[in-house]
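# Just the structure for this:
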Amino acid sequence: MFLGTHHPRLDDKGRLFLPAKFRDKLASGLVITRGQERCLYVFPLVEFERLAVELNNTPVTNRAVRNFQRVLLSAASDEIPDKQGRVTVPSVLREYAGLERECTVIGTGNRIEVWDTTSWNDFLAATEDDFAEQGEEVIPGGLF
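Below is the predicted model:
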């Protein structure tokens with residue numbers, strides 16, 4: 001499970017240093033792709049393969065399904081971290097997420113999200129109050 005917030009930087013070659021606590025789970029391979037809200041999703045390769053099977057079981061006759069598959073998969077990049085725990089983030093994905101130098105990497109359970117730090121801070125400012133008010137609307141039966 002991926003948890004926490006980290007603040008790595010992109011180097012001049014577009015490489016991201018994965019947070020040390022995530023490296024073992026991603027050492028055998030990962031997939032970086034477009035995420036929602038203009039962040040990037042990073043999945044362990046095994047988790048992405050599971051997701052791909054689920055997507056393949058959805059009806060291609062549904063326009064929303066086709067569009068989701070197209071956007072998610074068309075920029076997906078499979079990577080293997082180097083010995084220093086770096087992965088290259090393709091330019092199309094850096095542009096999509098507005099990544100230049102300062103990044104925020106968050107663990108979201110089965111995946112990691114990579115955000116431009118300013119975008120992450122704006123997202124938090126816009127959603128933290130709603131988070132404090134939510135309950136059964138998100139998790140039926142309540143969490144606490």
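# For the residue nearest in space to the middle of the chain, give the beta-bridge partners.
Closest residue to the average C-alpha location of the chain: Tyr41 at 1.7 Å, with Cα atoms, centre = their mean. Counting by DSSP bridges, Tyr41 forms beta bridges with Thr33, Glu113.
# all helices for this protein, in order.
Along the chain, the stretches classed as helices by DSSP state H are 20-26, 45-56, 63-74, 91-97, 117-133.
# Distance to His7 and mean neighbour count added to the ones you listed, as a markdown table?
Quick note: C-beta positions are derived from backbone N, CA and C, even for glycine. Shown next, in a markdown table, are the helices of the chain (distance: least, Cβ to Cβ, whole Å; neighbours: other Cβ atoms under 10 Å):
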| stretch | distance to His7 | mean neighbour count |
| --- | --- | --- |
| helix 20-26 | 13 | 15 |
| helix 45-56 | 24 | 14 |
| helix 63-74 | 26 | 12 |
| helix 91-97 | 15 | 16 |
| helix 117-133 | 7 | 12 |
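# do you know which of the ones you listed lies nearest Asp11?
Evaluated over those, closeness to Asp11 peaks at helix 91-97, with 11.8 Å, by Cβ to Cβ.
# what about the closest one, average pLDDT?
For helix 91-97, mean pLDDT rounds to 98.
# Low-confidence stretches in the protein?
Filtered on pLDDT under 70, the chain yields the residue ranges 135-144.
# at 80 what do you get?
Within the chain, the segments meeting pLDDT under 80 span 133-144.
# ok, back up a step: of all the helices of the chain, which one comes closest to Thr104?
Once those are compared by Cβ to Cβ, helix 117-133 is nearest, at 4.1 Å.
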